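[1] Here is my input; please provide its structure:
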Amino acid sequence: MSALDTERRTSDNALVTPKIAPFLVDCDLHHLWHKIDDIFPYLPRQYVQEIKDFGPMFPGGMWTNIPNNHGYRIDHDVDEDTNFAEFTVTEHLDRYDFDAGILTGNDVYQITATTNLDYAAALCRAYNDWTLEHWIATDERFRMILTVGPNDPIQAVQEIDRLGGHPAVVGVMMPAGGRYPYGNRMYHPIYEAAERHGLVMVTHFGGEGVGANNAPTAAGYPTYYLEMRMARPQIAQAHVTSLICEGVFEKYTDLKWVFVEVDTWWIPGLLDHFDADWKALRDYTPWVKELPSEYFRKHIRVGTQPLEQPARREDLHRFFEQAHAREVLVYASDFPHFDWDEPIATAATFPKSIRAEIFGSNARELFNL
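    Take a look at the predicted model:
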């Protein structure tokens, strides 16, 4: 009998499944609005009128998911009357007995790339306030990642200082698409503010190659969404390499970073190559005092979704060892995307000996839950 066969229904007919880990955390829950009008009560009148006149003005590209139908296909039965927060509680938190769910946003990743920095900052503030009132207030298990505009560090820091002390706020979002690799000192004031408030930096796929941001691949612009999905690991590797080479974790010694929805297969290869090249070239970056792999294991975590699926299970388990999975991976479902990773099916791919860490204790320590 599989784990899925042990699902049961409670007295009120709610479907529940066995507990996967003693303390279960989802590090990637997308919280949705029905339309941008939902945050109008939190926006300055100027921007409400502009949106009514011209639309939301989100920069986007044909090669990736853009803010149309929430930017992706939803593999669940929802309609215009669905309360998304209550739906997520019933269909996800309650069903799998989660102890915490980290809200990573969704609809505003692209707006952080707009050239209108004041509009981006205002929309981020409104989105954060809306999240607190309509999601955080719904269930005590929800935690949120602050949305800020990385291309305007001054206003980003102001937003971190405004809400960074709220008990439900556990991190700061830097979408994977950026103007510079994230080790660049332009962004350091954001990291200083995050460290000051004890917040985790989070990078989620989104915003690449749109607005003021750079091309999404080293070779230029892709044509198809499938190409863009294949590009996610190279974007993550570029940011990781930049953070370590620029000495971010020497400067901000308590800072932690999570990369979400960027695959995981690249971890062993990058770290092996990075360590070898650092040994040969360390004279050029003397502020990088440890092996790159050591910085990675101390400061960086990676979400499990999408998880690699090699033909042989033993190859997957070998990969877990090479990637230091017990230390660096955290469970991320990507709910409610059409390609989300259901908790029990994902857990079945991991050896029982490391499930507690990956599905809960790593995230619990990371986000101080």
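
[2] Burial check on Lys251, number of neighbours?
    14 (other CB atoms under 10 Å). Every C-beta, even on glycine, is put in place using the N, C-alpha and C of the backbone.

[3] err, Leu199, not the other one
    Leu199: 25 surrounding residues under other CB under 10 Å.

[4] Spell out, range by range, the helices that occur in the stretch 151-300 of the chain.
    Under the criterion DSSP state H, counting those that start in this stretch, helices of the stretch 151-300 of the chain are mapped to 153-163, 188-196, 225-245, 248-251, 266-281, 292-299.

[5] ok, now the stretch 1-150 of the chain?
    In the stretch 1-150 of the chain, the helices defined using DSSP H, counting those that start in this stretch lie at 45-54, 84-88, 95-96, 117-131.

[6] Trp33 versus His299, what's the distance?
    His299 sits 33 Å away from Trp33, going by CB to CB, to the nearest Å.

[7] Ok, Phe320 next?
    For Phe320, the distance to Trp33 equals 37 Å [CB to CB].

[8] wait, which of the helices of the stretch 1-150 of the chain is closest to Leu103?
    Nearest to Leu103 among the helices of the stretch 1-150 of the chain is helix 117-131 (6.4 Å), distances taken as CB to CB.

[9] Now do the buried residues in the closest one.
    117, 119-131 (16 or more other CB atoms under 10 Å).

[10] same for that helix, what does it pack against?
    In this structure, helix 117-131 packs against helix 45-54, strand 142-147, helix 153-163, with contacts taken as 3 or more CB pairs under 8 Å, 6 or more residues apart in numbering; DSSP states H and E.

[11] Could you give the separation of the second one from the chain centroid?
    Going back to what we said before, that points to strand 142-147. Strand 142-147 sits 10 Å away from the centroid of its parent chain (CA atoms, centre = their mean, to the nearest Å).

[12] Next: the first one.
    Computed by CA atoms, centre = their mean, the separation of helix 45-54 from the middle of its chain amounts to 29 Å.

[13] Check which helices and strands that helix is in contact with.
    helix 117-131.

[14] Could you do the longest one as well?
    For helix 153-163, the helices and strands in contact under the criterion 3+ CB pairs under 8 Å, 6+ apart are helix 117-131, strand 142-147, strand 169-173, helix 188-196.

[15] among these, which is nearest Val210?
    Across these, Val210 has its closest neighbour in helix 117-131 (12.4 Å, CB to CB).

[16] Need the nearest residue in space to Leu117, chain neighbours excluded.
    Computed as CB to CB, 6 or more residues apart in numbering, the closest residue to Leu117 that is not its neighbour in sequence is Asp152, at 4.1 Å.

[17] Tell me, how many residues neighbour the one you found?
    Neighbour tally, Asp152, other CB under 10 Å: 18.

[18] Ok, Thr82 next?
    14.

[19] Roughly how far does Pro153 sit from Ala215?
    The value you get for Pro153 to Ala215, if CB to CB is used, is 22 Å.

[20] quick one: which of these two has more around it?
    Each of Pro153 and Ala215 has its neighbours counted (other CB under 10 Å); Pro153 has more, 20 against 13.

[21] pLDDT score for that one?
    We have a pLDDT of 97 for Pro153.

[22] Over to the one 4 residues further on?
    You'll see Val157 listed with a pLDDT of 98.

[23] roughly how far apart are the closest residue to Thr241 other than its chain neighbours and Leu199?
    Leaving aside its chain neighbours, Thr241 sits nearest to Phe274 (6.8 Å; criterion: CB to CB, 6+ apart). Distance from Phe274 to Leu199, counting by CB to CB: 26 Å.

[24] can you check Ala276 too?
    33 Å.

[25] ok, now Thr88?
    In terms of CB to CB, Thr88 sits 22 Å off from Leu199.

[26] repeat for Tyr331
    When Tyr331 is compared with Leu199 (using CB to CB), they lie 20 Å apart.

[27] Quickly note the distance from the closest residue to His30 other than its chain neighbours to Thr131.
    The shortest distance from His30 to any non-neighbouring residue, by CB to CB, 6+ apart, is to Asn106 (4.1 Å). Using CB to CB, Asn106 is found at 11 Å from Thr131.

[28] shared neighbours of the two, which are they?
    His31 (CB atoms under 8 Å, 6 or more residues apart in numbering).

[29] one step back: looking at the helices and strands packed on helix 153-163, which is nearest to Gly55?
    Judging the helices and strands packed on helix 153-163 by CB to CB, what sits closest to Gly55 is helix 117-131, at 12.5 Å.
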